[in-house]
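**Q** Structural data only, the sequence is not supplied:
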């Protein structure tokens, strides 16, 4: 009799796990998934006897994942009993220097939009220049790498939070057409805007932008995960749907070349950018990892006369990357975000054109203190990728490249992706984006600034691990003149920025 009752209870639990919509793990792994949540619940007690630190895991520690999950779920994000970081001996810990007095101006409303201080495309007079509603936006993650439900959840969450979603280089899919505004990424394969021979097709790009809520175009030079390395989607994964969206033959290997075929130097790049901007009226920028500083010096020098230029620059740190890459590349190629962003901001500052470009940081910046650190180095906005995946339900299983993501986020398996309920997951994405925005603003106000854009490089320190610290300005050779918008831009921004609740 006991076995019968136990069997019925287990069957009922399986049915409940399969039909509930809050937890992807339980939908995909009935019964077994409960053990993960149990171990997560009693983790702090177990770690008193098992030697693993809350801050030892990578790329995101247990504490960092807990903050993201709690923010996305609308739960308490406070941590009790003080910090468990050894501040005296930990190197590169971000420390915000608090101001003695609160900043002047309006106290922001909880849940309010937090726009970017610079107008995207405004410096170059683009026809469709606009001010981004959110300082935090969704980084480029292609459909094909991520599942359709994951892309749809990100898009709807971005719409609710007033943020932009970058399509990634895999083209604009139906899952991106769920209400959110987009940044269309033009990659080396020109997927979604290529002709039958694989060359860039400007007409197709214009038609795609006219038919969809595309607000800006991002020309991808490289990404932090694998700069200078092409990619390939194996023939077995090139379904009819993927083939149609990317404009490639079905059932054949889909290759992303290492470099662009439309240009091969800085001069050609600027011609390409101006060609697209003239045809679409949209702001056009570039995304790149950073290595050769000579490229950035030459680009800035060509832009200095104002005749041509990019509207925004997305700097991707070497620690970033939602895609899989060879270990030698992910560990050893391209500068980390702090070195990369500071170098580019400094170079454009030296050439006197930093105010005409919107700088966007990308690369493990989806945590409040890391986000503020990027603003202190000159970022005007940040993009989040893996952190947004965590908000959708990713558990950092690090199986993105296998097609067997247990939560259905990075897979094309119909069984696994069914674990994602787009209604609840899009709500989590919205709460995460709004939540990190608010905490970045709170940190900025603690430093005496009205907006993160006002935070200077001397308001944030990095600990050196030897009971002392240095400001970001001193470490990276940055001045407030290079890292903050001009007084004119700030005056105009604050005149236009009554903080109002974000529109759902």
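**A** That came through fine. Since this is a predicted model, take the numbers as computed values, not measurements. Numbers count the residues shown, from 1 in each chain.
**Q** Tell me how far stretch 210-219 lies from the chain's centre.
**A** Relative to the centre of its chain, stretch 210-219 is centred 17 Å away, using C-alpha atoms, centre = their mean, to the nearest Å.
**Q** Straight-line length of that stretch, end to end?
**A** 18 Å (C-alpha to C-alpha, to the nearest Å).
**Q** What are the contacting residues of that stretch?
**A** Contact with stretch 210-219 is made by 120-121, 128, 130, 140, 164, 166, 172, 176-177, 180-186, 205, 208-209, 260, 269, 272-273, 276-277, 280, 282-287, 311-312, 314, as judged by C-beta atoms under 8 Å, 6 or more residues apart in numbering. Backbone N, C-alpha and C define where each C-beta goes, glycine included.
**Q** likewise stretch 403-416?
**A** Against stretch 403-416 from outside (C-beta under 8 Å, 6+ apart): 24-25, 28-29, 144-147, 149-150, 237, 239, 322, 389, 392-395, 397, 399-400, 417-420.
**Q** The residue most central in space within the chain and residue 165, how far apart?
**A** Central residue of the chain (C-alpha atoms, centre = their mean): residue 384, 1.9 Å from the mean position. Remark: distance between residue 384 and residue 165 (C-beta to C-beta, to the nearest Å) = 11 Å.
**Q** What of residue 402?
**A** From residue 402 over to residue 165 (counting by C-beta to C-beta), the distance is 25 Å.
**Q** neighbour-wise, which of the two wins?
**A** Using other C-beta atoms under 10 Å as the criterion, residue 402 and residue 165 rank with residue 165 on top: 27 against 11.
**Q** Give me the secondary structure label for the more buried one.
**A** Three-state call for residue 165 (DSSP: H, G, I helix; E, B strand; the rest coil): strand.
**Q** ok, the closest residue to residue 479 other than its chain neighbours - contacts?
**A** Distances taken as C-beta to C-beta, 6 or more residues apart in numbering place residue 473 nearest to residue 479, at 6.7 Å, with adjacent residues excluded. Residues near residue 473 by C-beta under 8 Å, 6+ apart: 456-458, 479-480, 483.
**Q** swap in residue 436?
**A** 71, 136, 366-368, 371, 384, 387.
**Q** Those in helices, which ones?
**A** Residues of these located in helices (DSSP state H): 71, 368, 371, 387.
**Q** And the furthest pair within those residues?
**A** The span of the ones in helices among the contacts of residue 436, defined through C-beta to C-beta, is set by 71 and 371 at 12.6 Å.
**Q** the more surrounded of these two?
**A** residue 371 (28 against 25).
**Q** Could you check how far the more buried one is from residue 59?
**A** 16 Å.
**Q** Could you do residue 191 as well?
**A** Applying C-beta to C-beta to residue 191 and residue 59 gives a distance of 27 Å.
**Q** Equivalent analysis for residue 178, please.
**A** 28 Å.
**Q** One more: residue 340?
**A** From residue 340 to residue 59 the distance is 17 Å (C-beta to C-beta).
**Q** okay, those two: which has more neighbours?
**A** Each of residue 340 and residue 59 has its neighbours counted (other C-beta under 10 Å); residue 340 has more, 28 against 13.
**Q** Check what pLDDT the more buried one gets.
**A** Residue 340 is assigned a predicted lDDT (pLDDT) of 95.
**Q** if you skip the residues just before and after it, what's nearest to it?
**A** That would be residue 290: by C-beta to C-beta, 6+ apart, it lies 3.6 Å from residue 340.
**Q** Contact partners for that neighbour?
**A** Taking C-beta under 8 Å, 6+ apart as the test, what residue 290 contacts is 296, 315, 334-335, 339-341, 343-344.
**Q** Reformat these as TSV; add secondary structure.
**A** TSV is the format used below for the contacts of residue 290 (three-state DSSP):
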residue	secondary structure
296	helix
315	strand
334	coil
335	coil
339	helix
340	helix
341	helix
343	helix
344	helix
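**Q** will you turn these into a markdown table that also has distance to residue 88?
**A** Shown next, in a markdown table, are the contacts of residue 290 (distance: C-beta to C-beta, whole Å):
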| residue | distance to residue 88 |
| --- | --- |
| 296 | 37 |
| 315 | 31 |
| 334 | 31 |
| 335 | 28 |
| 339 | 25 |
| 340 | 29 |
| 341 | 28 |
| 343 | 30 |
| 344 | 33 |
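**Q** Okay, and residue 467 sits in which element?
**A** Under the criterion DSSP states H and E, no helix or strand holds residue 467.
**Q** Quick check: the gap between the spatially closest residue to it that is not a sequence neighbour and residue 98.
**A** Counting by C-beta to C-beta, 6+ apart, residue 88 is the residue found nearest to residue 467 once chain neighbours are left out, at 5.2 Å. Separation of residue 88 from residue 98 (C-beta to C-beta): 19 Å.
**Q** now residue 265
**A** Residue 265 is 47 Å from residue 98, by C-beta to C-beta.
**Q** next one: residue 79
**A** Counting by C-beta to C-beta, the gap from residue 79 to residue 98 is 18 Å.
**Q** can you give me the offset of stretch 311-321 from its chain's centre?
**A** Distance, centroid of stretch 311-321 to centroid of chain: 9 Å (C-alpha atoms, centre = their mean).
**Q** Would you map the strands across the stretch 51-200 of the chain?
**A** For the stretch 51-200 of the chain, applying DSSP state E, counting those that start in this stretch gives strands covering 91-96, 136-138, 164-166, 181-186.
**Q** Which stretch among those is buried most, on average?
**A** strand 136-138 (a mean of 28; mean count of other C-beta atoms under 10 Å).
**Q** And it, what does it pack against?
**A** When contacts are defined as 3 or more C-beta pairs under 8 Å, 6 or more residues apart in numbering; DSSP states H and E, strand 136-138 packs onto helix 148-161, strand 164-166, strand 381-384, helix 422-446.
**Q** Tell me which of these sits nearest to residue 490.
**A** The nearest among those, by C-beta to C-beta, is helix 422-446 at 13.3 Å.
**Q** Show me the helices in the stretch 101-250 of the chain, by range?
**A** Using DSSP state H, counting those that start in this stretch, the helices of the stretch 101-250 of the chain run over residues 148-161, 202-211, 240-246.
**Q** buried residues in the shortest one?
**A** Put plainly, it is helix 240-246. 242, 245-246 (16 or more other C-beta atoms under 10 Å).
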